[in-house]
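# Predicted coordinates and the sequence they were generated for:
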Amino acid sequence: MSRFLSTVAKRTEPYVPGEQLNQPDIIKLNTNENPYPPSPKVLAAIQKALDDNSLQRYPSPTADPLRHAIADTYGLTKEQVFVGNGSDEVLAFSFMAFFEPGKTIKFPEISYSFYPVYSKIFNIPFEKVPLNEDFTLPMENFFQSDGGVILPNPNAPTSIYADLDVIEGILQQNRDQVVVIDEAYIDFAGPSAIKLIDRYDNLLVIQTTSKSRALAGLRVGFALGQPELIEGLTRIKDSFNSYTVDRLAMAGATAAFQDHAYFSESTKKIIRTRERCVQSLIEMGFDVVPSDANFLFAKPANLDALVLYEQLKERGILVRHFDQEGINNYLRITIGTDEQMEVLVEALKQLI
Ligand code: PMP
């Protein structure tokens, strides 16, 4: 570690990226990507952006075409939409714009690993709220906070979706703080909290094109909320980099929002595969958390999940292993294509 690092850099753990295996035929079920390619219209739009010969020009600083396409998709106005380089970046901007050093924010004890990381970087104290034994959110006032709330819905890595009345309860307990609902996996689950935006000026919904729209490689995430919250994010973003989303990403993501039929069909396909895979795992004796996401959180009966993870890896199947406080001996398995999940199930049958 360099002696020149600031206190913040020193206390920031080096990031360990999702595991990569360099075999061409690897079945990659470890980072919750979409197994299908994006809509052909996305590729055509990116090609057109290249043909326009305009890469020497900066992209639109206000990202208007993309914000319009997102606003139209969700029945909102452009002023209610903020876009950034992946939802991880949008989450970071949200920490800067709405959370205060000295005021404690809350998030679930088991949730997205970047929340504590951002809290430490931006010097925001945090408290982790314990989940119920079945990983559902507690209904009591446990999320009442001084500084704000952030939670994924569906939760990651548990895959559980909380109904909107639970989310509304949290919004009501925090009328004077921002509640960020990180909906990275919402398209595989029930209704989005977007419908609550009109009624709650403290609600920020964050989504991504990385999962249901199959664009993890383009890095486009977005936030939705009342215009004043969105304006707060824009201030922060502009002072970092007013051209956040590049021309090709902007063209591709805009086309993705304009091809609803493709999105809807591939999302339904993943949900159907998920349901079949849940059944197979249950039949093999796994304890599978009911999933509302594009991944499963499952515990093998009487077997060491780490050993299973290693044995799958030897067979070219990459999943995530979790063994930490509250989630011991779990595997997180991304839903791939039907064929990939059949290979996984057959491998598991031989291993257990
Ligand atoms: N939130 C949650 C809960 C996630 O699981 C992820 C993906 N790892 C993200 C946000 C970030 O997604 P992206 O930056 O690709 O939009």
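Yep, that arrived. The structure presented is a predicted model; accordingly, all values stated were derived computationally and were not measured. Numbers count the residues shown, from 1 in each chain.
# okay, CA-based contacts and neighbour counts for the rest of this
Fine.
# got the residues of the chain near the ligand?
Proximity of the chain to the ligand (Cα under 6 Å from any ligand atom) is limited to residues 86-88, 112, 152, 156, 182, 184, 208, 210, 216, 219, 221.
# Kindly check the end-to-end length of stretch 311-328 for me.
Between the opening and closing residues of stretch 311-328 lies a distance of 18 Å (Cα to Cα, to the nearest Å).
# Tell me which residues are up against it.
By Cα atoms under 8 Å, 6 or more residues apart in numbering, the surrounding residues in contact with stretch 311-328 are 23, 25-31, 110, 305-306, 309, 329-334, 344, 347-348, 351.
# show me where the stretch 251-352 of the chain has helices.
For the stretch 251-352 of the chain, the helices defined by DSSP state H, counting those that start in this stretch occupy 260-283, 305-314, 338-351.
# And the helix or strand encompassing V90, what does it pack against?
V90 is located in helix 86-98, with elements delineated by DSSP states H and E. Under the contact definition 3 or more Cα pairs under 8 Å, 6 or more residues apart in numbering; DSSP states H and E, helix 86-98 sits against helix 114-121, strand 203-208, strand 221-224, helix 227-240.
# please redo it, this time with the cut-off set to 10 Å
Helix 86-98 makes packing contacts with strand 81-84, helix 114-121, strand 148-152, strand 179-182, strand 203-208, strand 221-224, helix 227-240 when contacts are defined by 3 or more Cα pairs under 10 Å, 6 or more residues apart in numbering; DSSP states H and E.
# What distance do you get for the nearest residue to V278 once chain neighbours are set aside to S54?
Nearest residue to V278, sequence neighbours excluded (Cα to Cα, 6 or more residues apart in numbering): V288, at 6.8 Å. In this view, V288 and S54 are 49 Å apart by Cα to Cα.
# Which residue of the two possesses the greater neighbour count?
Neighbours per residue, other Cα atoms under 10 Å: of V288 and S54, the larger number sits with V288, 18 against 11.
# so what's that one up against?
With Cα atoms under 10 Å, 6 or more residues apart in numbering as the criterion, the residues that contact V288 are T158, V278, Q279, L281, I282, L296, F297, A298, K299, P300, Y330, L331.
# wait, doesn't the fourth one sit right on P300?
What it means is L281. Yes. Proximity of L281 to P300 meets the contact threshold set by Cα atoms under 10 Å, at 8.8 Å.
# Show the contacting residues for D304.
The contact partners of D304, by Cα under 10 Å, 6+ apart, come to N328, N329, Y330.
# From these, pick the one nearest the ligand.
Within the contacts of D304, proximity to the ligand (Cα to the nearest ligand atom) peaks at Y330, which comes in at 16.4 Å.
# Go through the helices of the stretch 251-352 of the chain and name the closest to F135.
For these, proximity to F135 was assessed by Cα to Cα; helix 260-283 is nearest, at 17.4 Å.
# Buried ones in the closest one, by neighbour count?
Residues of helix 260-283 classed as buried by neighbour count (16 or more other Cα atoms under 10 Å): Y262, F263, S266, T267, I270, I271, T273, R274, C277, V278, S280, L281.
# Name the next helix or strand downstream of the helix holding V90, please.
strand 105-108.
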